[in-house]
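Visitor: Need a 3D model of the sequence below.
(one chain, ligands or ions: 1)
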Amino acid sequence: MYPKDNTSNWFSGQGNYQHVSPREWNNWVWQLHNRVRTIEELKSRLNLSEEEERGCESAKHKLHFAITPHFFNLIDPDDVNCPIRKQVIPTERETFVAPDEMLDPIGEEHQMPVRGLVHRYPDRVLFLVTNHCGSYCRYCTRSRLVSNAQAYDFHPAFDDAIAYIEKNTCIRDVLISGGDPLLLPNRVLKTLLKRLRAIDHVEFIRVGSRLPVFMPQRITPELCAIFKEVGPIWLSIHVNHPRECTLELKRACRDLSLSHVILANQSVLLQGVNDSVETMRSLCHRLLQMGVRPYYIYQCDLITGSSHFRTPFAKGLEIIEGLRGHTTGYAVPQLVIDLPGGGGKVPVNPQTIKEITENEVFLVNYQKQEFCYPLKPAVRPPKTSEECHVLCR
Ligand SMILES: *Cc1c(COP(=O)(O)O)cnc(C)c1O
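Guide: Numbering: from 1, shown residues only. Here you go, the predicted model:
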């Protein structure tokens, strides 16, 4: 039996930042301004390994590091294998390039009709509204764009992208991402959401953000009021490890839900972070407790310098097999691979169909038992009155 989880053992509070006043701590601008972004500060707060220090040096020239105090508190300062640490502190391994790795691993650059807008699927677009994030995930698919890695600038007023969406009436779904869209000031975000809502054919507006995880303080009453006004908004957060489910994140999710925001989660499968059935099960159970539906779990994209994060293909399947049927269906995310070359996301599922014949399909359940589902049940009238009785009871 899997042990029950309850929120009494979820992390909460200021951790190693006791000297900071609660007023500052709970202010997201304070969290943003006080991010850990120098090697000196890292060294003062944890035992930085040589490999990490070299990683931090090289990060100056590409994807910067910056860690919010809230998220930093979740790191075990003495454990170089800490699953939180690996996500945000660079290591030298990022400078190693494996064959098949790319700067644009899912082929977005060739599917941008206007700057910042990826139009891959006919009915929906990915709208990249900023190139900044709360903290920088070391396996970021868009590391070529974010943290000013290449001084890439999105159109400040979004006018070209919105004009494109207005013109293309087949677009019914707009996914606002980046960078992290919740870094936009409330005023800008509200204008953007209202302009999209005003487009008749845009039925569905969603936002992808890790700010609730990096700094739940961003989920203020003012932000919630905006979502409520223009809602329903669908929000995908990005939690990879159960330790990231803090009481502060849970509070943020509750406030969002009360503002009619529909919450989902996307995780990236990462070696040494969440590549076990136990970790993923615990994560998905905590997500349900926060009112968040596990949506996707991604095989790590072939982003340059990410080979130390990539799990064997079979690992994802093993995790899904360990979840499906063994826990609540709502707790089971869809495993996907975002194809290189812009092919989009494909679902990857453990094999459940053993054999299909003309008359039956043989299926394997979660306990690996085989069952037969007849495809053409023979139908005939009842032969005896006794049989008729049984059928009509
Ligand atoms: C992921 C993605 C979407 C959304 O895909 P869903 O499967 O609908 O969540 C849309 N456009 C692009 C370019 C994407 O990468």
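Visitor: Show me what from the chain comes close to the ligand.
Guide: For the chain, the residues in contact with the ligand (Cβ under 6 Å from any ligand atom) are 118, 120-121, 124, 126, 175, 345. All C-beta atoms are positioned from the backbone trio N, CA, C, and that covers glycine.
Visitor: Now which of those residues would you call buried?
Guide: Neighbour counting by 16 or more other Cβ atoms under 10 Å classes 118, 120, 124, 126, 175 among these as buried.
Visitor: What is the burial count for residue 300?
Guide: Neighbours of residue 300 under the rule other Cβ atoms under 10 Å: 23.
Visitor: Pretty sure it sits against residue 309.
Guide: Yes - with contact defined as Cβ atoms under 8 Å, residue 300 counts as touching residue 309 (5.1 Å).
Visitor: For those two, list the residues in contact with both.
Guide: 139, 268, 270 (Cβ atoms under 8 Å, 6 or more residues apart in numbering).
Visitor: out of those, who has the most neighbours?
Guide: Within the shared contacts of residue 300 and residue 309, residue 139 tops the neighbour count with 25 neighbours, counted by other Cβ under 10 Å.
Visitor: That residue touches residue 300, doesn't it?
Guide: Yes - counting by Cβ under 8 Å, residue 139 touches residue 300, with 5.8 Å between them.
Visitor: Now the common contact residues for the two.
Guide: Taking Cβ under 8 Å, 6+ apart as the criterion, residue 139 and residue 300 both touch 268, 270, 306, 309.
Visitor: residue boundaries of the helices in the stretch 201-350 of the chain?
Guide: 211-214, 221-230, 247-258, 277-289, 313-323 (DSSP state H, counting those that start in this stretch).
Visitor: tell me the angle the fourth one makes with helix 313-323.
Guide: Translated: helix 277-289. If you take axes from the mean of the first three to the mean of the last three Cα atoms, to 10 degrees, helix 277-289 sits at 60 degrees to helix 313-323.
Visitor: got it, and the third one?
Guide: Helix 247-258 and helix 313-323 meet at an angle of 70 degrees, taking the same axes, to 10 degrees as the criterion.
Visitor: Now helix 247-258: average pLDDT?
Guide: The average pLDDT within helix 247-258 is 98.
Visitor: again with the longest one
Guide: Across helix 277-289, the average pLDDT comes to 98.
Visitor: Give me the residues contacting that helix.
Guide: 2, 5, 7, 10, 83, 239-242, 245, 250, 265, 267, 273-274, 293-294, 297, 318-319, 322-323, 326-328, 330-333.
Visitor: again, only using 7 Å
Guide: 2, 5, 7, 239, 241-242, 245, 265, 267, 274, 294, 318-319, 322-323, 327-328, 330-331, 333 (Cβ atoms under 7 Å, 6 or more residues apart in numbering).
Visitor: Name the residue of the stretch 251-393 of the chain that lies nearest to the ligand.
Guide: Nearest to the ligand in the stretch 251-393 of the chain, going by Cβ to the nearest ligand atom, is residue 345, at a distance of 5.2 Å.
Visitor: give me every residue that touches the nearest residue to that residue once chain neighbours are set aside.
Guide: The shortest distance from residue 345 to any non-neighbouring residue, by Cβ to Cβ, 6 or more residues apart in numbering, is to residue 336 (4.4 Å). Neighbouring residues of residue 336 by Cβ under 7 Å, 6+ apart: 296, 298, 345-348.
Visitor: Repeat the analysis, applying 8 Å as the threshold.
Guide: 296-299, 345-348.
Visitor: next one: residue 134
Guide: 31-32, 35, 66, 68, 71, 180, 183, 210-211, 214-215, 218.
Visitor: Okay, it and the ligand: tell me how far apart.
Guide: 20 Å (Cβ to the nearest ligand atom, to the nearest Å).
Visitor: Please report phi then psi for that residue.
Guide: phi -70, psi -50 (degrees, to the nearest 10).
Visitor: Sticking with the closest residue to the ligand within the stretch 151-300 of the chain, tell me its helix or strand.
Guide: The stretch 151-300 of the chain approaches the ligand most closely through residue 175 (5.2 Å), counting by Cβ to the nearest ligand atom. Following DSSP states H and E, the helix or strand that holds residue 175 is strand 173-177.
Visitor: Okay, now the sheet partners of that strand, with direction.
Guide: Sheet pairing of strand 173-177 (DSSP bridges) gives strand 124-128 (parallel), strand 204-208 (parallel).
Visitor: right, so those: which one is the most enclosed?
Guide: strand 124-128 (a mean of 23; mean count of other Cβ atoms under 10 Å).
Visitor: In PDB, list the C-alpha atoms belonging to that one.
Guide: In PDB, the C-alpha atoms belonging to strand 124-128 read as follows (Å, rounded to 0.1, in the frame of the first residue of the first chain):
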ATOM      1  CA  ARG A 124      -4.300  27.100 -31.900                       C
ATOM      2  CA  VAL A 125      -1.300  29.400 -31.400                       C
ATOM      3  CA  LEU A 126       1.500  29.700 -28.900                       C
ATOM      4  CA  PHE A 127       1.900  33.300 -28.100                       C
ATOM      5  CA  LEU A 128       5.300  34.100 -26.500                       C
END
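Visitor: All set now, cheers.
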